[in-house]
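S.K.: please find the sequence and the predicted model below.
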Amino acid sequence: MSRYAIVWFRQDLRVIDNPALTAAVESGADVIPLYIWSPEEEGDWAPGSASRYWLHHALLSLDRELQARGSRLVLRGGTCLETINSLIKQTGAEHVYWNRCYEPAAVKRDSRIIKALEKSGVSVETYTGQLLHDPQQIKNRQGKAFRVFTPFWKHYQTLDVTRPLKATIKKINSPGRWPKSSGINGLGLIPVINWYAGMDRFWDTGRRTAHEFLECFIRQGLPDYSENRDFPAIEGVSRLSPFLHFGQISPRQVWEAVVKREQKQGRLSPGTAATAWLRQLVWREFACHLLYHFPETTDQPLNIGFKNFPWKSDKRLRSCWQAGITGYPIVDAGMRQLWQTGWMHNRVRMIAGSFLVKDLLIHWRDGARWFWDTLVDADLANNTMGWQWVAGCGADAAPYFRIFNPVRQGERFDPEGQYVRRWLPELAGLDNKYIHRPWQAPKNLLKQAGVILGKNYPEPIVDHDMARKRALSCYQEMKKTIKK
DNA sequence: TTTTGAGTTGTTCGA
DNA sequence: GTCGAACAACTCAAA
């Protein structure tokens, strides 16, 4: 009589270095790999359109990986506990395995499911698969959660990163009869209207894997990462974020690949590009750590003083920002890249974010929402931390007076205007000197370039100098209300 | 326990 | 053009 085990895939859509799957296979059981599409159980943060698009492809690719090992992915829609229970009923499975998630809704849901399953005599085994270290295990000397990155990072460097599971799974035992699967199209993740052609092109969807992105980056990008990372026109970053979010590659695999390349026995030497890059990987861990310990921060500022911040809600300005028609080229280029590819360069995320929050005084939550729906790498922890950082209300946040000047940032980090020209072809003919401030260009240059301000490219929707002063005075106003 | 120093990613202004 | 100070105040880790 063979035993059945369910492996419930969530944000770990991979076969290699998947602790839950490995444990199930090593137990000798017949394994039922399961994915449940249950957006209504994600609370306010059901995956957005871009995430769904990515998920669709990630599930297809997981299914291929499983099929190459004699298995397959069972897809279901519905509530998680009911779906798992119905599979248990059908197959008599006695064990359920998964890798832990850390979002507030997932934590609640999972602990509820564990209780219910164990009550009915089903064993549940959970593992650390999405992070290098579980947030509960990371504590400062006072036994509390870290709230500042640098000590967190220092602490991380003292920890041993477990090596990825080397036992590559060659064969996964199948159940005698496969439970029904709804099939990928049954989940309806891909929209009827094809707005994702630009994404397919940008990501070479279905062909370029996470490992190709990683290998390519380590070979070509990593050596100059520190110099290039801030220049959005250069391919200086790895673009691994969506793969990491969906667990198509594990942080341990990433860590290991870099450390191996460095030829240092697990220790990082400071000041190298490799260390700088792995530091970013640890930012991902830090974000998760923060969200785990401060779950309310998806909606509430960590620094509660900001509850009194006089945000404005101006729908017209907000839609200008969303559509990339603010009149500030670097902001607009970023927002259009986001819309067309589901991704935005990190430097530009900060500039565009700062513009929304400080120049337009629109609540960071509105920005977080928009990113949530449009990013293929939308990740609740990273998104929450990023927006609170840019708004100045988060952990280790930018001081409020640090206000990005979109013209200066453009000139510094896109000096030739290549990035702007790529995403704003209407400005392509404009001189470098004015590419980041077309409203100051002489009339004849604009004419030559075919730019008609207010027609094919907007005038700035706010004056940055004014906006900066206004933001600072709002901050003063907020402080007054705290003192009272 | 107290003190000290540091803190992802900036900008502006005046010398 | 370059440089340093100011822009706030506070939390937190670590000595």
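M.R.: Thanks, I have it. Here the structure is a predicted model, which is why all the values come from computation and not from measurement. Residues are numbered from 1 along each chain as shown, chains lettered A, B, ... in the order given.

S.K.: which stretches of the stretch 251-400 of chain A form helices?
M.R.: Per DSSP state H, counting those that start in this stretch, the stretch 251-400 of chain A carries helices over the ranges A:251-262, A:273-293, A:315-323, A:329-341, A:346-354, A:364-374, A:380-391.

S.K.: CSV for these, including mean neighbour count and mean pLDDT?
M.R.: Using the backbone N, CA and C atoms, a C-beta is placed for each residue, glycine as well. Output for these, formatted as CSV (neighbours: other C-beta atoms under 10 Å; pLDDT from 0 to 100):
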stretch, mean neighbour count, mean pLDDT
helix A:251-262, 18, 91
helix A:273-293, 21, 92
helix A:315-323, 16, 97
helix A:329-341, 25, 97
helix A:346-354, 23, 94
helix A:364-374, 21, 96
helix A:380-391, 25, 93
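
S.K.: a markdown table for the ones you listed, including distance to A:Arg207?
M.R.: Formatted as a markdown table, the helices of the stretch 251-400 of chain A follow (distance: least, C-beta to C-beta, whole Å):
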| stretch | distance to A:Arg207 |
| --- | --- |
| helix A:251-262 | 20 |
| helix A:273-293 | 24 |
| helix A:315-323 | 30 |
| helix A:329-341 | 16 |
| helix A:346-354 | 24 |
| helix A:364-374 | 23 |
| helix A:380-391 | 26 |
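
S.K.: so which of those is nearest DNA strand C?
M.R.: helix A:273-293 (10.5 Å; C-beta to the nearest atom of the strand).

S.K.: about what we covered before: out of the helices of the stretch 251-400 of chain A, nearest to A:Val451?
M.R.: Smallest distance to A:Val451 across the helices of the stretch 251-400 of chain A (C-beta to C-beta): 10.6 Å, for helix A:329-341.

S.K.: and the residue of the stretch 201-350 of chain A nearest DNA strand C?
M.R.: For the stretch 201-350 of chain A, C-beta to the nearest atom of the strand, closest residue to DNA strand C: A:Asn303, 7.3 Å.

S.K.: residues contacting the residue nearest to that residue when sequence neighbours are not counted?
M.R.: Nearest residue to A:Asn303, sequence neighbours excluded (C-beta to C-beta, 6 or more residues apart in numbering): A:Cys393, at 4.5 Å. The contact partners of A:Cys393, taken as C-beta atoms under 8 Å, 6 or more residues apart in numbering, are A:Pro301, A:Leu302, A:Asn303, A:Gly305, A:Phe306, A:Phe309, A:Trp364.

S.K.: how close does A:Cys393 sit to A:Thr384?
M.R.: Relative to A:Thr384, A:Cys393 is positioned 11 Å away (C-beta to C-beta, to the nearest Å).

S.K.: can the helix or strand of chain A with the lowest mean pLDDT be found next to DNA strand B?
M.R.: Lowest on mean pLDDT, DSSP states H and E among the helices and strands of chain A sits helix A:464-483, with a mean of 83. Yes - Helix A:464-483 is in contact with DNA strand B by C-beta under 7 Å from any atom of the strand, via A:His464, A:Asp465, A:Arg468.

S.K.: next one: the first one from A:Ile6, what distance?
M.R.: Shown here: A:His464 relative to A:Ile6, a distance of 55 Å by C-beta to C-beta.

S.K.: neighbour count: these two, which is higher?
M.R.: Comparing A:His464 with A:Ile6 by other C-beta atoms under 10 Å, the one with more neighbours is A:Ile6, at 26 against 19.

S.K.: got the phi/psi numbers for the residue of the stretch 201-350 of chain A closest to DNA strand C?
M.R.: Note on A:Asn303: backbone dihedrals following degrees, to the nearest 10 are phi -90, psi 100.

S.K.: would you agree it is in contact with A:Ala397?
M.R.: Yes - between A:Asn303 and A:Ala397 there is a contact under C-beta atoms under 8 Å: 7.3 Å.

S.K.: near DNA strand B, which residues of chain A?
M.R.: Within chain A, the positions lying close to DNA strand B (C-beta under 7 Å from any atom of the strand) are A:148-150, A:230, A:280, A:283, A:346-347, A:350, A:386, A:389, A:396, A:398, A:401-405, A:408-409, A:412, A:464-465, A:468.

S.K.: ok, back up a step: nearest to A:Tyr419, of the helices of the stretch 251-400 of chain A?
M.R.: Set against A:Tyr419 and scored by C-beta to C-beta, those come closest in helix A:329-341, at 5.7 Å.

S.K.: returning to that earlier point: nearest to DNA strand B among the contacts of A:Cys393?
M.R.: Distances from DNA strand B to the contacts of A:Cys393, taken as C-beta to the nearest atom of the strand, are shortest for A:Asn303 (10.9 Å).

S.K.: any idea how far that closest one is from A:Lys312?
M.R.: Taking C-beta to C-beta, one finds A:Asn303 at 20 Å from A:Lys312.

S.K.: okay, the two: which has more neighbours?
M.R.: Comparing A:Asn303 with A:Lys312 by other C-beta under 10 Å, the one with more neighbours is A:Asn303, at 17 against 12.

S.K.: so what does the residue nearest to A:Asn303 look like in phi/psi?
M.R.: According to degrees, to the nearest 10, A:Cys393 has phi -110, psi 10.

S.K.: what's the span of stretch A:87-95 from first residue to last?
M.R.: 11 Å (C-alpha to C-alpha, to the nearest Å).

S.K.: and for it, what's in contact with it?
M.R.: Contact partners of stretch A:87-95, identified using C-beta under 8 Å, 6+ apart, comprise A:3-6, A:24, A:27, A:29, A:32, A:34, A:74, A:76, A:96, A:120-125, A:175, A:179.

S.K.: drop anything exposed from those residues.
M.R.: Buried members of the contacts of stretch A:87-95, counted by 16 or more other C-beta atoms under 10 Å: A:4-6, A:24, A:29, A:32, A:34, A:74, A:76, A:96, A:122, A:124, A:175, A:179.

S.K.: got TSV for those, with pLDDT, secondary structure and distance to DNA strand C too?
M.R.: As requested, these are arranged in TSV below (pLDDT from 0 to 100; DSSP: H, G, I helix; E, B strand; the rest coil; distance: C-beta to the nearest atom of the strand, whole Å):
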residue	pLDDT	secondary structure	distance to DNA strand C
A:Tyr4	95	strand	45
A:Ala5	97	strand	40
A:Ile6	98	strand	39
A:Ala24	96	helix	37
A:Ala29	95	coil	42
A:Ile32	98	strand	42
A:Leu34	98	strand	38
A:Val74	98	strand	43
A:Arg76	97	strand	42
A:Val96	98	strand	35
A:Val122	97	coil	39
A:Val124	98	strand	32
A:Pro175	93	coil	48
A:Pro179	95	coil	47
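
S.K.: tell me where the stretch 51-200 of chain A has strands.
M.R.: For the stretch 51-200 of chain A, the strands defined by DSSP state E, counting those that start in this stretch occupy A:74-77, A:95-99, A:123-127.

S.K.: wait, which of those strands is closest to A:Ala167?
M.R.: Among the strands of the stretch 51-200 of chain A, the nearest to A:Ala167 by C-beta to C-beta is strand A:123-127 (14.3 Å).
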